[in-house]
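Peer 1: next comes the sequence, and after it the predicted model I'd like to discuss.
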Amino acid sequence: GETHSKGTGEPSEKCGVLNVTKITEHGKKVRKNWTSSWTVLRGSLLLFTKSQGGGTSWFGGIQSKPEFTVDLRGGSIEWASKDKSSKKHVIELKTRQGTELLIQSENDSFVNDWYRALTDTISTHAWE
Ligand code: I3S
């Protein structure tokens with residue numbers, strides 16, 4: 001589900017399953033751990049939960065509690081260079097908090113949509 005509300009100030013949300021790994025945390029390199037993650041873009045926040053149907057949510061529910069959230073304000077994204085990953089269609093996201101993530105899907109148009117949505121979010125949500 002996706003709703004667009006450019007310029008209206010209304011909340012918008014984008015969701016989907018993406019492969020995600022941290023590569024840096026608080027400015028320090030961490031070991032990659034690619035995980036399929038149900039990803040929600042809500043305002044300036046990007047929330048990751050265990051992938052839907054991944055199965056082990058204690059309430060058997062569709063969407064579990066976010067495991068990890070990043071604030072996109074003041075962050076930057078670019079297409080990851082070849083040395084960052086051997087995978088195709090990899091977005092590199094750097095946050096203001098010193099976390100770097102790689103975000104990937106085999107579906108290139110899907111990743112392109114996310115790239116655009118994240119870029120829009122970063123440019124419309126200023127860092128105060
Ligand atoms: O950047 P790296 O270290 O080559 O990343 C790969 C490794 O993390 C590898 O796991 P271990 O070396 O911890 O067993 C992963 O399985 C690969 O997926 C990582 O590389 P890609 O190119 O897939 O991002």
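Peer 2: Yep, that arrived. Just so it is clear, the structure is predicted and the values come from calculations on it, not from any experiment.
Peer 1: which helix or strand contains the most centrally placed residue in the chain?
Peer 2: Nearest residue to the geometric centre of the chain (Cα atoms, centre = their mean): Leu46, 5.3 Å. With elements taken from DSSP states H and E, the one containing Leu46 is strand 45-50.
Peer 1: chain center to that strand: distance?
Peer 2: 7 Å (Cα atoms, centre = their mean, to the nearest Å).
Peer 1: helices or strands next to it in the packing?
Peer 2: strand 35-42, strand 68-71 (3 or more Cβ pairs under 8 Å, 6 or more residues apart in numbering; DSSP states H and E). In this view, the C-beta of every residue, glycine as well, is placed from N, C-alpha and C.
Peer 1: which parts of the longest one are buried?
Peer 2: With burial defined by 16 or more other Cβ atoms under 10 Å, the residues of strand 35-42 counted as buried are Thr35, Ser37, Trp38, Thr39, Val40, Leu41.
Peer 1: again, but for the last one
Peer 2: Of all the residues in strand 68-71, those buried under the rule 16+ other Cβ under 10 Å are Val70, Asp71.
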